[in-house]
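**Student:** Kindly generate the corresponding structure for this input.
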Amino acid sequence: MRKGHPLASRIFWTAAAILWMALIFMLSAQDGVSSSGLSSRVCAWLGRNFVPGYREWSHARQQHFIAASSFYVRKAAHAGEYAVQGFLISMAAGSYGLRVRRRILLSILAGLCCAAMDEAHQMTVAGRSGQLRDVLIDGAGLLFGVLLSLRAAAAVHWGMFGVYIAAFLHFTLLGRIPVEEPVFEPRPFTALRRSIALDVTPMELLRILASEGPRQALRYVHLLQTWSLRGLALNILLFIPMGIFLPALIPALRGRTRTVRRRGRSGRTRERVGFPWRAFLVCMLLSLALEVVQYTTRLGAFDADDLLCNAIGAFIGCLLDKFLQNCYNRLKKS
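**Tutor:** Numbering: from 1, shown residues only. The predicted structure follows:
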C-alpha cells in the first residue's frame, strides 16, 4: 500500500478543489444578461489585443465578431475551468496515496458529478439553461486536467512555455498592423547609428575608455533618440526565455553532460552540462523565420539588428539554462 503525502499537502489540494468548485458555482449563479455581458467583454478584449485591424473596424463589424466568437469563448471557458477542476481533484486524490487507475477514475467521476450538478443549478437561474453538451465539454476538460496532473511538473513547464509563445506571437505578429511597404535593412548597427552620435571615431572612443575611464568616454557620446534602443533591448529580452525553455523541455536540444574530476580531491567527480548549441541554433532559425514572415506579411521589417539582438538574447538564455542545469545536478548529489 502506497503511503500518502503529508497532511499539509492533503489539506492544500482538497481545499483548492473545493474552493475552485465553489467559484464555478458562483459564476453559474449569474443570470443570462450578466453572463452574456462577461462573454462579450472577453471577446472584445480578445479582438482588441489579438485580431489585426480590429480597432479600425466599424461598430457593426465589431459586434458581429463578438456575437460570432461568444459561443466558442463560452465553451472554451467551460473546458478550461473544468480542466483546472480535474487537475485539482486528481492532485487531491494523489495526496491520499491512491494508485493511478483509481486516481483517474475517481477524479473523472467526481468531476462529472460536479459538472452535472452545475448544469442542474443553471436551470434554476434566470436566462440560463442546462445542456448535456456542456457536460460532455466539461468532461473533456476534466480528462485533460487529470492527465496533466499525472505529470504536474512537466505540465507547469509546458504551460509556462505556452503562455510565453502566446505573448511572443502577440508582440511579433498578431498584435501588429501591416505597413504599406515592406522594410528590408540588411546592414547591422543601423539602430545604433540612428540613436547615438559620437564626437570622435569608435577607435578613439575605445582608447579614451581604456585610458581615462567610462566617465570621460561618455562626454563624447550623445543620445539622439531612445525608441530604437528600446526596440533592441526588447528583442534581446524576447529571446531569453526561448533559450531557457527549449533545452529545458526538449532533451535533444540540451547540452552534453560530461563527468569531470574535481581538482585537489582525488576520487571525487561531478557532472557538468555543456552549452546547448543545438538549442541556440534552433533559436537562430526561429529568429530568421520570424524576420522573413514579418517582411512577407508586412507586419514588421527584416532587420539585421533584430537578428543580432535575438542571437544575444538566445545566447544569454542558453547560458542561464546551462547554469541552472549544473546547479540542479549539484543539489541532486548533495
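
**Student:** residue boundaries of the strands in this structure?
**Tutor:** Using DSSP state E, the strands found in the chain span residues 183-185, 196-198, 221-223, 257-261, 269-273, 301-303.

**Student:** Show me what the third one is packed against.
**Tutor:** Using 3 or more C-beta pairs under 8 Å, 6 or more residues apart in numbering; DSSP states H and E as the contact criterion, the elements in contact with strand 221-223 are strand 196-198. The way it works is simple: take the backbone N, C-alpha and C, and place the C-beta from them, glycine included.

**Student:** average pLDDT for the strand it packs on?
**Tutor:** Across strand 196-198, pLDDT averages out at 80.

**Student:** Kindly state the domain boundaries assigned to the protein.
**Tutor:** By the assignment in automatic domain parsing, the chain contains the domains 7-150, 183-333.

**Student:** can you list those domains in CSV and add distance to residue 171?
**Tutor:** Converted to CSV, the domains of the chain look like this (distance: least, C-beta to C-beta, whole Å):
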stretch, distance to residue 171
domain 7-150, 11
domain 183-333, 7
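
**Student:** nearest to residue 169, of these?
**Tutor:** Across the domains of the chain, residue 169 has its closest neighbour in domain 7-150 (8.7 Å, C-beta to C-beta).

**Student:** returning to that earlier point: closest to residue 321 out of the strands of the chain?
**Tutor:** Going by C-beta to C-beta, the one of those nearest residue 321 is strand 269-273, 8.5 Å.

**Student:** so which of the domains of the chain gets nearest residue 160?
**Tutor:** Ranking those by proximity to residue 160 (C-beta to C-beta) places domain 183-333 first, at 7.7 Å.

**Student:** Show me how far the closest one is from its chain's centre.
**Tutor:** Centroid displacement of domain 183-333 relative to its chain, using C-alpha atoms, centre = their mean, to the nearest Å, is 20 Å.

**Student:** now do stretch 20-32
**Tutor:** Mean-position distance between stretch 20-32 and its chain equals 28 Å (C-alpha atoms, centre = their mean).

**Student:** and what of stretch 74-93?
**Tutor:** 19 Å.

**Student:** Below-threshold pLDDT in the stretch 151-300 of the chain: ranges please.
**Tutor:** By pLDDT under 70, the low-scoring segments of the stretch 151-300 of the chain are 152-156, 260-270.

**Student:** For it, which segments count as helices?
**Tutor:** Along the stretch 151-300 of the chain, counting by DSSP state H, counting those that start in this stretch, helices occupy 152-169, 190-195, 202-212, 214-217, 227-249, 277-297.
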